[in-house]
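# Have a look at this prediction, sequence included:
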Amino acid sequence: MSLSIRIFIAYILFIGLCSYFVFNTVMEEIRPGVRQSTEETLVDTANLLAEFLREPLLNNDLQSEGIQRILAAYGQRQPNANIWGVAKQQVNHRIYVTDHQGIVLLDSQNIAVGQDYSRWNDVYLTLQGKYGARSTLEFEGDQSSSVIYVAAPIEHDNKIIGVVSVSKPNRSLQPYIDRSQKRLGYLGAGLIVFGLFSGAAFSWWLSRELKRLREYALSVSRGERASLTPARIASGELRQLASALESMRRELDGKAYVEHYVQTLTHELKSPLAGIRAATELLQSPIEENARKKFLAIIDSESLRLQQLIERLLHLALVEQQASLQNPEPLSLAQVVEELVQTKAAIITQQQLQIDLRLDSQAFIHGEAFLVRQALVNLLDNALDFTPPQGCIVISLSQTSDEVILQVCNQGPAIPDFALPRLSERFFSLPRPATGRKSTGLGLAFVQQVMELHQGQLVLTNQPDGVCAKLIFPN
């Protein structure tokens, strides 16, 4: 199981547990919170009524027609109120008044007049000068039938002469409780979903960053061409790690590269240097003119070979150490080919060769001009070296929706089967038909590296009358 999946699972568990405890606690607090707010308003209402009813109680007018009419009218009112999306069509308060002994003198619902309510906590506590309130079930065992009662003392000359109690059924509060719980549920679900998406996005981001580092490290360990730009890493810590890996890779590659090329260069330089030294020693002794010219030609030939070897090694070292294209730009391959053919015009004329150009002038690639040009120079040089006099070289350029294909096909001897898979190896070369001598063996290795930088391919195949080198560039 990957690290990002483990982090995501741990994140989900954390979000789930936190959501459960938070929402369970909040849901449980909504009901008592609403009831506490209602009780607070009942306290205000009861105290207001206590002041209004003092005089009628003192004057024994509680049963008067005027008060009864007011209470009846109050009970029949239809507020038609819309409270935060909840419709309120009737009033729900019950009001009753007792004397100083707890006997009910007035009841807005006319169900308890004359009854002794002194045993109920709202009346009992209020008559003792305390805060009186109670919650009573209208129907035994039915919790939804509970009713909140809040009482206030009716005082005269600092004496309690009666109690007014105001009640409200909890079922009238239930729509507000349900609405709050529903809204909170939606909000909570939205937050959870958002949290999960955020966790998934974070896990994907972390996985992507770690995958880049992992693929880079694996590519380096396999000895492949690898490039990692620290700027592509979003995290500061991971960017520092990427920079450290990149620096370490460059240091290790540089040391290994220098060691490898010192060894190979030493090996390749032995033969031409030995030939130059031998010819020089022979020239120091009296020899015939023909022999002197022969040895001078050897020195010139081997010096040229050394020069070519060093130049191509420098080019190959440049491209092998390059992890990505430095200055890519749109290139017309047809124009590059035509220019190269012009530069080789003298050799083509000398060998009486035919050059057949089949170029699509609309074929463009996105590449590094110097590298592409040098790669084509190497291919054209090989074709010129292996084509017999009066032979033909066909250079074709075409494109599809996905690829741009450049082919350099020359007449001449076929490539032996054992040599085909090795032609792009460093220092591997076949004898030239004209001289029987091998080249530096670095040209096709350079072409191979250039194509890898351009995400393309080098394909070498035998044809019925010669050899074909194909460069395939992505379009």
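Yep, it's here. From a predicted model like this one, the values you see are computed outputs, not experimental measurements.

# rest of the way, CA atoms for contacts and neighbours
Fine.

# does Cys409 count as helix, strand or coil?
strand (DSSP: H, G, I helix; E, B strand; the rest coil).

# number of nearby residues for it?
26 (other C-alpha atoms under 10 Å).

# Show me the helices in this structure, by range?
3-52, 54-58, 65-75, 121-127, 174-221, 236-283, 289-320, 333-343, 345-350, 369-386, 443-453 (DSSP state H).

# who wins for proximity to Ala363 among these?
Closest to Ala363 of the helices of the chain, according to C-alpha to C-alpha: helix 333-343, at 6.7 Å.

# Run through the neighbouring helices and strands of the closest one.
helix 369-386 (3 or more C-alpha pairs under 8 Å, 6 or more residues apart in numbering; DSSP states H and E).

# Flag every buried residue along the helix it packs on.
369, 371-372, 374-380, 382-386 (16 or more other C-alpha atoms under 10 Å).

# Which one of these is nearest to Glu209?
Checking the buried residues of helix 369-386 against Glu209 by C-alpha to C-alpha gives Leu371 as the nearest, at 31.5 Å.

# Surely that closest one and Val450 touch.
Yes: taking C-alpha atoms under 8 Å as the contact criterion, Leu371 and Val450 are neighbours in contact, 6.3 Å apart.

# For this protein, name the helix or strand with the lowest mean pLDDT.
Here the helix or strand of the chain ranked lowest by mean pLDDT, DSSP states H and E is helix 236-283, holding a mean of 62.

# confidence score at Leu306?
According to the prediction, Leu306 has pLDDT 69.

# and stretch 193-208, how far out from the chain's middle?
Counting by C-alpha atoms, centre = their mean, to the nearest Å, stretch 193-208 is centred 9 Å from the centre of its parent chain.

# same check, this time on stretch 68-84
60 Å.

# Just the C-alpha atoms of it, please, in CSV.
Extracted as CSV, the C-alpha positions of stretch 68-84 are listed here (Å, rounded to 0.1, in the frame of the first residue of the first chain):
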residue,chain,number,x,y,z
GLN,A,68,-62.0,36.9,29.6
ARG,A,69,-62.6,38.5,26.2
ILE,A,70,-58.9,39.4,25.9
LEU,A,71,-57.8,35.9,26.7
ALA,A,72,-60.4,34.4,24.3
ALA,A,73,-59.3,36.7,21.5
TYR,A,74,-55.7,35.9,22.2
GLY,A,75,-56.3,32.2,21.9
GLN,A,76,-58.0,32.7,18.5
ARG,A,77,-55.3,34.9,16.9
GLN,A,78,-53.6,33.6,13.7
PRO,A,79,-50.1,35.3,13.4
ASN,A,80,-49.5,34.0,9.9
ALA,A,81,-45.8,34.4,10.7
ASN,A,82,-42.9,32.9,8.7
ILE,A,83,-40.0,32.4,11.2
TRP,A,84,-36.8,31.4,9.3
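
# how near is the spatially closest residue to Gln90 that is not a sequence neighbour to Arg69?
Leaving out its chain neighbours, the residue that sits closest to Gln90 by C-alpha to C-alpha, 6 or more residues apart in numbering is Gln78, at 4.8 Å. The spacing between Gln78 and Arg69, counted by C-alpha to C-alpha, to the nearest Å, is 16 Å.

# what domains does the record give for this protein?
Per automatic domain parsing, the domain ranges recorded for the chain read 3-178, 225-324, 329-474.

# Turn those domains into a markdown table, columns for distance to Tyr186.
Conversion of those to a markdown table gives the following (distance: least, C-alpha to C-alpha, whole Å):
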| stretch | distance to Tyr186 |
| --- | --- |
| domain 3-178 | 11 |
| domain 225-324 | 34 |
| domain 329-474 | 50 |
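
# And these, which one averages the lowest pLDDT?
domain 225-324 (a mean of 65).

# I'd like to know how many residues surround Asn110.
14.

# pLDDT score assigned to the residue most central in space within the chain?
Compute the mean C-alpha point of the chain, and by C-alpha atoms, centre = their mean the closest residue is Trp205, 3.9 Å away. Here, the pLDDT recorded for Trp205 equals 76.

# Tell me the spacing between it and Trp120.
Trp205 is 65 Å from Trp120, by C-alpha to C-alpha.

# what about Ile395, how many residues close to it?
Neighbours of Ile395 (other C-alpha under 10 Å): 23.

# In CSV: the helices of the chain, plus distance to Val166.
Shown next, in CSV, are these (distance: least, C-alpha to C-alpha, whole Å):
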stretch, distance to Val166
helix 3-52, 6
helix 54-58, 15
helix 65-75, 13
helix 121-127, 10
helix 174-221, 19
helix 236-283, 65
helix 289-320, 92
helix 333-343, 96
helix 345-350, 114
helix 369-386, 93
helix 443-453, 88
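
# To Ser398, which of those helices lies closest?
The nearest among those, by C-alpha to C-alpha, is helix 333-343 at 9.7 Å.

# what comes into contact with that closest one?
For helix 333-343, the external contacting residues (C-alpha atoms under 8 Å, 6 or more residues apart in numbering) are 359-361, 363-365, 373, 376-377, 397.

# any idea which of those is closest to Ile287?
Nearest to Ile287 among the contacts of helix 333-343, with distances taken as C-alpha to C-alpha, is Val377, at 40.3 Å.

# contacting residues around that closest one?
Contacts of Val377 were listed using C-alpha under 8 Å, 6+ apart, and they are Leu340.

# For Glu51, which non-adjacent residue is closest in space?
Here the residue nearest Glu51, using C-alpha to C-alpha, 6+ apart, is Ile154, at 7.0 Å.

# residue contacts, that neighbour?
Contacts of Ile154 (C-alpha under 8 Å, 6+ apart): 50-51, 53-54, 160-164.

# again, 6 Å this time
Residues near Ile154 by C-alpha atoms under 6 Å, 6 or more residues apart in numbering: 50, 54, 160-163.

# can you check Gln143 too?
Neighbours of Gln143 in contact, by C-alpha under 6 Å, 6+ apart: none.

# Of the helices of the chain, give the one that comes closest to Tyr149.
Comparing those by C-alpha to C-alpha, helix 121-127 comes nearest, at 6.5 Å.

# then that closest one to CSV, C-alphas only?
Taking C-alpha atoms only, helix 121-127 is exported to CSV below (Å, rounded to 0.1, in the frame of the first residue of the first chain):
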residue,chain,number,x,y,z
ASN,A,121,-43.1,23.4,41.1
ASP,A,122,-43.8,26.6,39.1
VAL,A,123,-46.3,27.8,41.6
TYR,A,124,-44.8,26.2,44.7
LEU,A,125,-41.3,27.7,44.2
THR,A,126,-42.6,31.1,43.2
LEU,A,127,-44.8,31.4,46.3
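
# Figure out how far it is from the centre of its chain.
Here helix 121-127 is found 67 Å from its chain centre; the criterion is C-alpha atoms, centre = their mean.

# Could you name the helices and strands sitting against that helix?
strand 132-137 (3 or more C-alpha pairs under 6 Å, 6 or more residues apart in numbering; DSSP states H and E).

# Now do the strand it packs on and helix 3-52, the angle between them.
120 degrees (axes from the mean of the first three to the mean of the last three C-alpha atoms, to 10 degrees).

# Parallel or antiparallel, list what pairs with strand 132-137.
The pairing partners recorded for strand 132-137 under DSSP bridges are strand 146-156 (antiparallel).

# what about the strand it pairs with, distance to the chain center?
For strand 146-156, the distance to the chain centre is 63 Å (C-alpha atoms, centre = their mean).

# Number the chain from 11, please
Right, with 11 as the first residue, what we last looked at is strand 156-166.
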